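Student: here is the input, now give the coordinates:
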Amino acid sequence: GLATNGRTLFLTDSGSYLFHIKPHTYELARSFPIIDHRLSSPHGKLIYGVNELEVVGDELWGNVYPLYQTSFSECIVRINASSGHVLGWIDMRGLLSRQSLIVRLRPFEYVLNGIAYHPRLRTLYVTGKKWDHMYQVRLKPMPELGPEHVQHVCRLG
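Tutor: Prediction:
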């Protein structure tokens, strides 16, 4: 994934690291793990498979495509772009089920993999690989859903 805030290029390679790249020289400025301190061990859980990045306000959002576990996810991770710490999760379940039968039968291949944000209108659009539609979505905070929900629903292994 690749995105920019106009000063830094943010890059992921579907591993568990976020890279800051200097836009004029393409030199690596710094890197750090993408980690959710609310999940798993006392040290948190590394989040693998972050892809398709988008800058949304001061945050960096990315689809999660955990190839290492031969799985797919219908979640978007919200990342602090300065630290790599996970700020939260967006559960996008329900959109895949609206796709054609071909897409629904092969969710591993036709994953949620498109995020676009229009800052002036504060509008979020999402889609997936070879999906039939793109969706304009509104998000509803659900703070009552805890780490167990995220771990299970987002298929984080």
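
Student: residue 119 versus residue 55, what's the distance?
Tutor: Going from residue 55 to residue 119 by Cβ to Cβ, to the nearest Å gives 8 Å. In this view, the C-beta of every residue, glycine as well, is placed from N, C-alpha and C.

Student: so these two - more neighbours on which side?
Tutor: residue 55 (18 against 9; other Cβ atoms under 10 Å).

Student: the more buried one: what's it in contact with?
Tutor: 3, 4, 5, 10, 61, 81, 117 (Cβ atoms under 8 Å, 6 or more residues apart in numbering).

Student: and stretch 107-117, end to end?
Tutor: Its start and end residues considered, stretch 107-117 measures 24 Å (Cα to Cα, to the nearest Å).

Student: kindly apply the preceding question to stretch 45-62 instead.
Tutor: 16 Å.

Student: please identify the buried residues of that stretch?
Tutor: 45-56, 60-62 (16 or more other Cβ atoms under 10 Å).

Student: quick check: phi and psi on the residue sitting furthest away from the middle of the chain?
Tutor: Most distant residue from the mean C-alpha position of the chain: residue 25, 26.2 Å away (Cα atoms, centre = their mean). Main-chain torsions, residue 25, degrees, to the nearest 10: phi -120, psi -10.
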